[in-house]
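Visitor: Curious how this folds, go ahead:
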Amino acid sequence: MSHSQESAEVVGLQAIAWMVGNEELLPVFLGATGVSEADMRAGVGDPAFLGGLLDFIMMDDAWVAEFCDAQGLTYDTPMRARTALPGGGEFHWT
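Guide: Modelled structure (predicted):
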């Protein structure tokens, strides 16, 4: 089942809420991306930012599992949501 951009943005918003509440992973995300907490607040309304956050979470299967388990989502939800957000249709296998 594919996501509409609107439903994909909901998954992205769930990802922001989960990331902000994750005391171990949030500093890793901020450090790796250079994003500030103010950028995260601004990113709530930016589909491209939400897609980038999902990209980050999908870098590690354990993060995907933690996020999906916490939100009651299937493990393929982040990937499916990502394809509906800006830049998500461009897969890079590197």
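Visitor: Lowest-scoring secondary structure element of the chain by mean pLDDT?
Guide: Using mean pLDDT, DSSP states H and E, helix 37-43 stands out as the lowest-scoring helix or strand of the chain, at a mean of 90.
Visitor: how about whatever helix or strand comes next after that helix as CSV, C-alpha atoms only?
Guide: The element immediately downstream of helix 37-43 (helix or strand, assigned by DSSP states H and E) is helix 47-57. As requested, the backbone C-alpha atoms of helix 47-57 are provided in CSV (Å, rounded to 0.1, in the frame of the first residue of the first chain):
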residue,chain,number,x,y,z
PRO,A,47,7.8,17.7,3.6
ALA,A,48,11.5,17.6,2.4
PHE,A,49,12.7,17.8,6.0
LEU,A,50,10.3,15.0,7.1
GLY,A,51,11.7,12.9,4.2
GLY,A,52,15.3,13.6,5.3
LEU,A,53,14.4,12.5,8.9
LEU,A,54,12.9,9.3,7.6
ASP,A,55,16.1,8.8,5.5
PHE,A,56,18.2,9.1,8.7
ILE,A,57,16.0,6.6,10.6
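Visitor: Strands of this structure, start to end?
Guide: With DSSP state E as the definition, the chain shows no strands.
Visitor: now the helices for it?
Guide: Here the chain has its helices, by DSSP state H, at 5-20, 25-33, 37-43, 47-57, 61-71, 77-83.
Visitor: okay if I get these as CSV plus mean neighbour count?
Guide: (C-beta placed from N, C-alpha, C; glycine too.) Converted to CSV, the helices of the chain look like this (neighbours: other CB atoms under 10 Å):
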stretch, mean neighbour count
helix 5-20, 18
helix 25-33, 14
helix 37-43, 13
helix 47-57, 21
helix 61-71, 15
helix 77-83, 21
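Visitor: weakest of those by average pLDDT?
Guide: The stretch with the lowest average pLDDT out of those is helix 37-43, scoring a mean of 90.
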